[in-house]
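[1] Let me see the structure of the following:
(one chain, ligands or ions: 1)
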Amino acid sequence: MMESGTAILARAETAVEVSLGARSYPVIIGERLLAAAGQWVAATLPGARCAVVSDANVAALHLAPLKASLVEHGLFLGEALVAPGEASKSFPVLATLCERLLELGVERGDCVIAFGGGVVGDLAGFAASILRRGVRVVQIPTTLLAQVDSAIGGKTGIDTKQGKNLIGTFHQPSLVLADVSVLATLSPREFRAGYAEVVKYGLIGDAPFFAWLEENFEEIFSAPGGARRRAVETSVRAKAAIVAEDEREESGKRATLNLGHSFGHALETYAGYSERLLHGEAIAIGMRLAFTYSVERGLCPPGDAARVARHLDAVGLPIKIASIPGPPPAPEALLRLMGQDKKVKDGKLALVLVRGIGQAFVERDVDMPLLTDFLIRECG
Ligand code: GLY
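    Alright, predicted model coming up:
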């Protein structure tokens, strides 16, 4: 049944603006937003029709209300489904997707809706950025990880055998709809993996938020109510502020969002982007490694690193390389993979390190012998 405009407004959404001048856009956080998507898109992009990119899992669970809302507003061009999983972030899938979007009749004035987790968001965002030299994209993230991180800020891309996200564009969305009610269908493992990115915001710049997470994580995990929504909202505000300050990762501010990612991406590549290790799990290990390494460098109080490891462990996230199923990686292989990181400049590795909880910074020109020694011990 069609909902009235009053009913939609009564749902008390929160809007967080990503301030980028003429390219500013809102991140709308609320419940049952899918059923109101047509209204949001029509108000944000008048005249644009929509092609929805999703994967089969998300489509089976959640496409119906989104599609009904777009059809009701006369905006639905069709859907393009990709296989679930990181393997879809590839050149062949990108090519097939672009051709499917053209077949659906997406024109310059239309938009692509990226409806899914980080994989769909990155892939569909990339396709939108190159289709007809660029069409608008609306991100409707359905995982915790995508709602608090990957759907915001315009990073798009695919993976290659050299590493993760090495091919891509910056293409800001026109609108992000973060419907927290869809998080109820995530598996506990996937929710936990996304939570690693929530913790990240506390660790990089908001020590009180980390302390609040330590106190409230059980409620965040167990119930869809206030604590969960507050965790999402706080994370979105943090991400929006960082993107507004350093959209293209030039000043070093946005690079702090990669806390744990140099280690984490290398571990993910080593694990083959598979179920062996989800992205958020790799980031949890990576953040623990970044804190431990910072302690060894005399930069961070040992008590802070212990708190971080304790909290990640308490929620059930892996914190050690040895927790990854299968044979352990060789330290040299990890170093080689870390050398593909986008923060490498003049062949020199940069790492996000910490002076304590909430105090992340980028260290350029990392001391390779020290890092090698550290990884030999951590892989052992
Ligand atoms: N996920 C890191 C960034 O958006 O910069």
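[2] Mind listing residues that contact the helix or strand hosting Pro369?
    Following DSSP states H and E, one finds Pro369 within helix 368-379. Outside helix 368-379, the residues that touch it by C-beta atoms under 8 Å, 6 or more residues apart in numbering are 289, 292-293, 296-297, 320-321, 328-332, 334-335, 349, 351. Where C-beta positions appear, they are placed from N, C-alpha and C, glycine not excepted.
[3] What mean pLDDT does stretch 140-154 get?
    Confidence over stretch 140-154 (mean pLDDT, whole number) is 98.
[4] Over to stretch 157-175?
    So the average pLDDT for stretch 157-175 ends up being 92.
[5] near the ligand, which residues of this protein show up?
    Within reach of the ligand by C-beta under 6 Å from any ligand atom, the chain has these residues: Asp149, Ser150, Gly153, Lys155, Arg254, Leu257.
[6] As JSON lines, those residues with neighbour count would be great.
    What follows is the residues of the chain next to the ligand, written out as JSON lines (neighbours: other C-beta atoms under 10 Å):
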{"residue": "Asp149", "neighbour count": "28"}
{"residue": "Ser150", "neighbour count": "26"}
{"residue": "Gly153", "neighbour count": "24"}
{"residue": "Lys155", "neighbour count": "23"}
{"residue": "Arg254", "neighbour count": "19"}
{"residue": "Leu257", "neighbour count": "24"}
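[7] and the strand or helix carrying Ala306, what's its mean pLDDT?
    Per DSSP H and E, Ala306 falls inside helix 302-314. For helix 302-314, the mean per-residue pLDDT is 98.
[8] which helices and strands sit right next to that helix?
    In terms of contacts (3 or more C-beta pairs under 8 Å, 6 or more residues apart in numbering; DSSP states H and E), helix 302-314 is packed against helix 188-205, helix 207-222, helix 279-296.
[9] Kindly calculate the angle that the last one makes with helix 368-379.
    Angle of helix 279-296 versus helix 368-379, following axes from the mean of the first three to the mean of the last three C-alpha atoms, to 10 degrees, is 120 degrees.
[10] What mean pLDDT does helix 279-296 get?
    pLDDT averaged over helix 279-296 gives 97.
[11] Could you give the separation of that helix from the chain centroid?
    17 Å (C-alpha atoms, centre = their mean, to the nearest Å).
[12] Would you mark the buried spots in it?
    By neighbour count on 16 or more other C-beta atoms under 10 Å, the buried set for helix 279-296 is 279-296.
[13] so what's Leu145 up against?
    Leu145 touches Gly117, Gly118, Ala193, Gly194, Ala196, Glu197, His279, Gly280, counting by C-beta under 8 Å, 6+ apart.
[14] immediately after the helix or strand it falls within, which helix or strand?
    Here Leu145 sits within helix 144-145, counting by DSSP H and E. Sequence order places strand 158-160 as the next helix or strand after helix 144-145, per DSSP H and E.
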